[in-house]
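Colleague: Everything below, folded, please.
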Amino acid sequence: MLRPQDGPTRERRSLGGLWSFRLDAEGVGRAEGWWRSQLAGAVDIPVPASYNDIFPDTTVRDHVGDVWYQTQVWVPARWAGERTVLRFDAATHRATAWVNEVEVARHEGGYTPFEADVTAHLLPGAENRVTVVVNNELTWESIPPGRVEERADGRRVQHYFHDFFNYAGLHRPVWLYTTPPVHISDITVTTTGLKGTTGLVAYRVESTAQAEEYVVRVSLRDASGAEVQAATGAVGTLRIEDVHPWAPGDGYLYELEATLWSTSGDLVDSYRQSVGVRTVEVRGKEFLINGTPFYFKGFGKHEDAAVRGRAHDDILMVHDFALLEWTGANSIRTSHYPYAEEVLDYADRQGVVVIDETAAVGLNLNIAGGVFGSGRKVSTFSPDTVGESTLRTHLQAVRELVARDKNHPSVVLWSIANEPDNVQPEARDYFAPLAAEARRLDPSRPVAYVNALMGKPDECVVTDLFDVVLLNRYYGWYFGPDDLVAAETGLEAELRQWAAHDKPIVITEYGADAYPGLRSVVPSPWTEEYQTELLDVYHRVFDRVDAVVGEQVWNFADFATAPGVFRVDGNKKGVFTRERRPKGAAFSLRARWRKADFDATD
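Modeller: Residues are numbered from 1 along each chain as shown. Below you'll find the predicted structure:
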């Protein structure tokens with residue numbers, strides 16, 4: 001699915017701004033046809049934004065079920081004769097959309113885009129009504145999963161199995177855009193070779209055109225705009241001499257322009273796609289980018305901010321990337337869902353490496369948001385919990401993630417789930433088709449999943465299905481808090497067991513909560529000093545285990561969670577506060593990651 005863009009044959013219009021908004025606590029809006037007229041009893045709400053924290057009202061914050069959005073948009077008369085598309089970059093967790101009185105789209109999944117051809121339903125040169133109902137309920141069929149409790153007093157309470165707040169709404173931009181009736185529908189670019197000063201880039205241009213009536217041409221330009229290669233045909237390979245590769249810290253991008261021409265020589269459609277020339281490979285215990293061993297330094301993050309919730313914000317994005325550079329980080333994981341495409345665009349340009357993750361978090365009934373239960377084992381996989389319906393949704397989530405992000409050079413690894421149950425025998429039947437589907441869709445990137453502490457090397461039944469070992473480990477915090485000596489011993493012993501699998505290991509989560517400003521001469525849990533010392537313990541171990549090729553601290557910044565006695569105003573594992581003020585650990589990481597002679601491959 002190509003993103004909207006302006007160009008010689010296309011035009012886009014953002015529908016961001018204030019929309020009408022109404023809760024549907026009784027769930028009657030669909031039956032009563034609220035989309036058929038102006039939304040009654042509505043208030044203004046910004047789009048994009050999570051709706052939960054906009055108003056000082058717990059009924060809004062904790063609402064479970066449908067909410068309705070509506071706006072009026074003027075469609076220019078010049079759009080008559082063009083194909084017009086309505087696109088939502090994300091609606092969490094599912095949505096149905098109408099244009100005027102016609103249903104045009106339905107979508108499941110809260111973090112990937114969906115769109116509809118609405119040409120037949122719009123009136124050019126007039127105002128048109130766009131209505132969308134967004135539902136935030138999590139069930140055993142959704143990704144992520146959850147369950148809704150119907151209480152005796154009539155309240156509906158959402159229970160979920162992940163440790164971050166279930167923000168909902170229109171989190172990302174909404175667009176109305178045009179293409180010609182005959183148009184380019186998709187572009188795929190893949191680096192197939194990078195040797196010396198020569199790069200090979202395979203391309204595929206898909207369109208609605210009949211091959212005998214139209215011609216596809218492509219032109220590849222460097223960052224200065226000079227053409228370096230051109231070709232004719234919908235499929236081909238471009239050979240780039242004196243190539244400037246995309247590399248960590250060097251986000252060099254070429255631009256591929258694909259054009260569609262009629263046989264009479266008229267330009268029919270045009271689309272521009274950025275291209276980073278780089279290769280990714282796993283070789284034994286090494287993770288290679290452009291044939292060079294790469295060491296991940298960085299963070300798990302969240303799209304999370306006060307008031308905005310999970311809404312995309314360019315201001316905060318640029319600030320966060322500046323803080324990543326300040327610490328010396330070179331990578332992030334999109335924990336625990338696909339981030340806005342603007343984030344990946346920016347990572348491309350900044351040379352920041354990305355582990356790209358689906359929203360499959362909480363597929364483990366023996367763990368809940370890092371807060372562990374009594375030790376009684378329960379079955380995660382069953383017809384009534386994580387079953388065939390869950391798998392169908394999960395497979396679609398993988399397909400939509402790869403389709404959206406396949407052309408981003410910053411994305412070097414697909415993560416198909418975070419902390420799932422990986423020890424029950426049924427886990428293998430569940431994850432085998434997911435790993436296979438990711439590889440079928442994109443053979444150019446490795447595939448992994450993130451392993452929780454309860455899935456030890458001798459117990460995990462899915463390790464061999466994946467290319468890289470991603471580990472979340474909390475020795476010295478959830479396990480053995482306030483005993484960093486035991487944490488160091490236990491961590492090293494386990495990592496050496498994992499190293500026997502002859503796969504690269506990236507620690508995708510490690511850390512401790514630290515309440516900002518809580519200080520202690522003798523480090524103890526929740527102090528800034530303890531957070532720093534725990535990270536130091538882990539770093540000593542990483543430096544002693546050759547198979548470890550990366551460290552991503554949990555978390556970049558404090559973030560909102562469901563209220564509870566285990567959380568003090570959210571999760572405080574950030575090395576920055578939610579307002580992006582540094583804790584002591586941020587300076588410790590900066591000293592380690594920016595040290596000129598640091599080389600974890602030694």
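Colleague: what about the longest strand in the chain?
Modeller: As far as residue count goes, and with DSSP state E defining each element, the longest strand of the chain is strand 184-195.
Colleague: mind listing what that one pairs with, with the direction of each?
Modeller: Taking DSSP bridges as the criterion, strand 184-195 pairs within the sheet with strand 198-207 (antiparallel).
Colleague: Pull the residues that contact the strand it pairs with.
Modeller: Contacting residues not belonging to strand 198-207 are listed as 182-194, 214, 216, 218, 220, 231, 234-241, 243, 245, 256, 258, 260, 269, 275, 277 [Cβ atoms under 8 Å, 6 or more residues apart in numbering]. The way it works is simple: take the backbone N, C-alpha and C, and place the C-beta from them, glycine included.
Colleague: PyMOL command for the buried members of those?
Modeller: With 16 or more other Cβ atoms under 10 Å as the criterion, this PyMOL line picks the buried residues out of those:
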select buried, resi 182+183+184+186+187+189+190+191+194+214+216+218+220+234+238+240+243+245+256+258+260+269+275+277
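Colleague: Tell me who's in contact with residue 328.
Modeller: Each residue near residue 328 by Cβ under 8 Å, 6+ apart is listed here: 297, 589, 590, 592, 593, 594.
Colleague: Return the subset of the residues you listed lying in helices.
Modeller: Using DSSP state H, 589, 590, 592, 593 are the members of those that sit in helices.
Colleague: Taking these together, which two end up most distant?
Modeller: Across the ones in helices among the contacts of residue 328, the two members that end up farthest from each other (Cβ to Cβ) are 590 and 592, 7.4 Å apart.
Colleague: wait, doesn't residue 389 sit right on residue 143?
Modeller: No. Contact criterion Cβ atoms under 8 Å: residue 389 and residue 143 do not qualify, at 10.6 Å.
Colleague: Tell me which of the two has more neighbours.
Modeller: Here residue 389 and residue 143 are compared on neighbour count by other Cβ atoms under 10 Å; more neighbours surround residue 143, at 27 against 13.
Colleague: how far away is residue 468 from residue 357?
Modeller: Plainly put, residue 468 is 13 Å away from residue 357 if you go by Cβ to Cβ, to the nearest Å.
Colleague: who has more neighbours, those two?
Modeller: Taking neighbours as other Cβ under 10 Å, residue 468 and residue 357 compare with residue 357 leading, 28 against 23.
Colleague: tell me the phi and psi of the more buried one?
Modeller: Reported as degrees, to the nearest 10, the phi and psi values for residue 357 are phi -120, psi 140.
Colleague: residues touching it, list them.
Modeller: For residue 357, the contacting residues are 333, 334, 335, 336, 337, 338, 414, 415, 416, 417, 418, 450, by Cβ under 8 Å, 6+ apart.
Colleague: Now go through these and say which are in strands.
Modeller: Checked against DSSP E, these include these in strands: 333, 414, 415, 416, 417, 418, 450.
Colleague: Please verify my assumption that the fourth one contacts residue 436.
Modeller: No. With the criterion set as Cβ under 8 Å, residue 416 and residue 436 do not qualify as a contacting pair; they are 10.7 Å apart.
Colleague: Show me the residue sitting in the middle of the protein in space.
Modeller: residue 338 (1.6 Å; Cα atoms, centre = their mean).
Colleague: neighbouring contacts of the host helix or strand of residue 238?
Modeller: Taking DSSP states H and E as the definition, one finds residue 238 inside strand 235-241. By Cβ under 8 Å, 6+ apart, the residues outside strand 235-241 that reach it are 192, 197-205, 218, 220, 228-229, 231, 254, 277.
Colleague: Show me what the helix or strand following that strand is in contact with.
Modeller: Using DSSP H and E, the helix or strand that follows strand 235-241 towards the C-terminus is strand 254-262. Among residues not part of strand 254-262, those counted as contacts by Cβ under 8 Å, 6+ apart are 182-184, 187, 189, 201, 203, 205, 207, 209, 213-223, 228, 240, 267-277.
Colleague: For the very next helix or strand once past strand 254-262, buried residues please.
Modeller: Sequence-wise, the next helix or strand downstream of strand 254-262 (DSSP H and E) is strand 267-275. By neighbour count, and taking 16+ other Cβ under 10 Å as the criterion, the buried residues in strand 267-275 are 268, 269, 270, 271, 273, 274, 275.
Colleague: Any chance of the residues you listed in a markdown table with pLDDT as columns?
Modeller: As requested, the buried residues of strand 267-275 are arranged in a markdown table below (pLDDT from 0 to 100):
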| residue | pLDDT |
| --- | --- |
| 268 | 97 |
| 269 | 97 |
| 270 | 98 |
| 271 | 98 |
| 273 | 98 |
| 274 | 97 |
| 275 | 98 |
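Colleague: Among those, find me the one that's closest to residue 133.
Modeller: Within those, proximity to residue 133 (Cβ to Cβ) peaks at residue 271, which comes in at 31.5 Å.
Colleague: if I read this right, that closest one contacts residue 7, doesn't it?
Modeller: Yes. Contact status for residue 271 versus residue 7: in contact at 7.0 Å, counting by Cβ under 8 Å.
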